[in-house]
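Visitor: Provided below for reference: sequence and predicted model.
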Amino acid sequence: MDPRLATLVAASLAGLVSLACNFQIPEPTYLHATRLLTASGEVVSFGPLNPDRIGVGTTAVNEAMPGDLYRFEMVVVDPDGRPRPAEQLDSLWFQCGLEACIDETEPMLPCAELDDWSLDSRCELGAGDGQFEFEIAGLGPKVVEDHKPAFFGVVGYDGRSARDCWESRLALEASLASCGFIKRRIAIGPTWWMLAYADSEGFVSPVPIEQFPAPVFYQFANRRPRPEVTVAIDGELAGTYPETEHFRVTPGALVELEFGYELGAQYLQSYFEARHLGGYWWFVIDGERLSAELYTTGDMHLSSVPSPTSVRLPPIVVDELAEPGSSRVLIIPRDDRFSQALETIAFEIEAEP
């Protein structure tokens, strides 16, 4: 090694060591700056196709069919975990077909200018504030084969426009402050009714329609799951969210969260899967695969990185030197049909008695 380079490396390492006691990188699950966390999606107005798919439930439907009016909502939160109002945000949305938006650094034409606009197309959907509504386009052969079209969202905040963020990304500029980017998929369905409709429109179904058993046509559209979170503080049961949304803790407390979901609601979210065995398609009922992403604010920190598949999360520690004030735990529940949203549990830190 060049002696001058060796000296430079040694000096840099020494500098890092000297800063180690004064500089800590926040863990990924801790909110220390304004940032885009997720983009929720839901059907806000149902089109004419398969009205029986709406089913029953209290949470939003996120599985869509052509002709539905759909809404994406950017969830940008400040360091305290409070979502920014939609009117303070600027968004831009693109449809990527089934390409998973891999080439999102390429310009795209407006969807309305395409002669054959379908869910297979790559194009610019449009712009809005934190909320953006659009009509789900018609089917294409690729989305019939794999009914999970991708979308790409850009958001600007603190005075920056989404268009400016997008153009800076296209130009590969380093400065993307006050910008957020997110990839989202939408499940088109319910699958089996959608495939029967596609067949009537001249598309080729990946599973022969004549092998569909009648019950599959009664599958409900997917709805957003809402967790039931049991909260224990220092080993004592304190309550269950969402019945209780605010809890009281003291400095040094240990908070444990255990996830569950209302069984009746989840039973209605069961769906049919097709398996190819011995030259025939067999249909079985399966349950949703649920997971959650977790963030903390203020004087609360996760004690370790959580497993995305665990129902029991690592304990959350309240800083021993915490001053009285508010902290929050933000939860993004997800299912395997691309539903996600934001749930918030508030904790009031009180002085030791």
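Guide: Sure, I can see it.
Visitor: for M65, phi and psi?
Guide: M65 adopts backbone torsions of phi -130, psi 160, taken as degrees, to the nearest 10.
Visitor: Ok, W166 next?
Guide: Main-chain torsions, W166, degrees, to the nearest 10: phi -60, psi -40.
Visitor: can you check L49 too?
Guide: According to degrees, to the nearest 10, L49 has phi -80, psi 130.
Visitor: Tell me, how many residues neighbour the residue nearest to it when sequence neighbours are not counted?
Guide: In space, and not counting its chain neighbours, L49 is closest to M65: 4.4 Å by CB to CB, 6 or more residues apart in numbering. In this view, the C-beta of every residue, glycine as well, is placed from N, C-alpha and C. Using other CB atoms under 10 Å, M65 has 22 neighbouring residues.
Visitor: please begin residue numbering at 54 from this point
Guide: Understood, numbering begins at 54; the last thing we discussed is M118.
Visitor: so what's M118 up against?
Guide: Neighbouring residues of M118 by CB atoms under 8 Å, 6 or more residues apart in numbering: F99, G100, L102, N103, R106, I189, I241, G242, M247, Y250.
Visitor: Give me the PyMOL select line for those residues, limited to the buried ones.
Guide: Per 16 or more other CB atoms under 10 Å, the buried members of the contacts of M118 correspond to this PyMOL selection:
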select buried, resi 99+100+103+106+189+241+242+247+250
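Visitor: what's near enough to touch Y83?
Guide: For Y83, the contacting residues are Y348, T349, T350, H354, L355, by CB under 8 Å, 6+ apart.
Visitor: pLDDT score assigned to it?
Guide: Looking at Y83, its pLDDT reads 94.
Visitor: same deal with L145?
Guide: Per-residue pLDDT puts L145 at 97.
Visitor: before we move on, back to that, from the contacts of Y83, which land in strands?
Guide: Y348, T349, H354, L355 (DSSP state E).
Visitor: Just flag the most distant two among the contacts of Y83.
Guide: T350 and L355 (11.5 Å; CB to CB).
Visitor: SS state for the residue lying closest to W219 once chain neighbours are set aside?
Guide: In space, and not counting its chain neighbours, W219 is closest to V207: 4.8 Å by CB to CB, 6+ apart. Here V207 is strand, with the state taken from DSSP: H, G, I helix; E, B strand; the rest coil.
Visitor: Now do the contacts for V207.
Guide: Neighbouring residues of V207 by CB under 8 Å, 6+ apart: S144, L145, W146, A215, C218, W219, R222, C232, G233, F234.
Visitor: try 6 Å
Guide: L145, A215, C218, W219, F234 (CB atoms under 6 Å, 6 or more residues apart in numbering).
Visitor: Next, the buried residues of the helix or strand hosting T293.
Guide: Here T293 sits within strand 289-294, counting by DSSP states H and E. Buried residues in strand 289-294, counting neighbours by 16+ other CB under 10 Å, are found at A291, Y294.
Visitor: same thing with stretch 261-274?
Guide: Quick answer for stretch 261-274 (16+ other CB under 10 Å): F265, V269, Q272, F273, A274.
Visitor: Would you mind confirming that the last one is in contact with D105?
Guide: No: the pair A274 and D105 does not pass the contact test of CB atoms under 6 Å, sitting 9.5 Å apart.
Visitor: quick one: F391 and G242, what's the gap?
Guide: 11 Å (CB to CB, to the nearest Å).
Visitor: now L225
Guide: For L225, the distance to G242 equals 37 Å [CB to CB].
Visitor: again, but for D169
Guide: If you go by CB to CB, the gap between D169 and G242 works out to 22 Å.
Visitor: if I pick the residue lying closest to I402 once chain neighbours are set aside, what's in contact with it?
Guide: Using CB to CB, 6+ apart and skipping the chain neighbours, the partner closest in space to I402 is A375 (5.0 Å). Taking CB under 6 Å, 6+ apart, we find A375 in contact with P304, D352, I402.
Visitor: Could you measure from the second one over to I385?
Guide: Taken as CB to CB, the spacing of D352 relative to I385 amounts to 21 Å.
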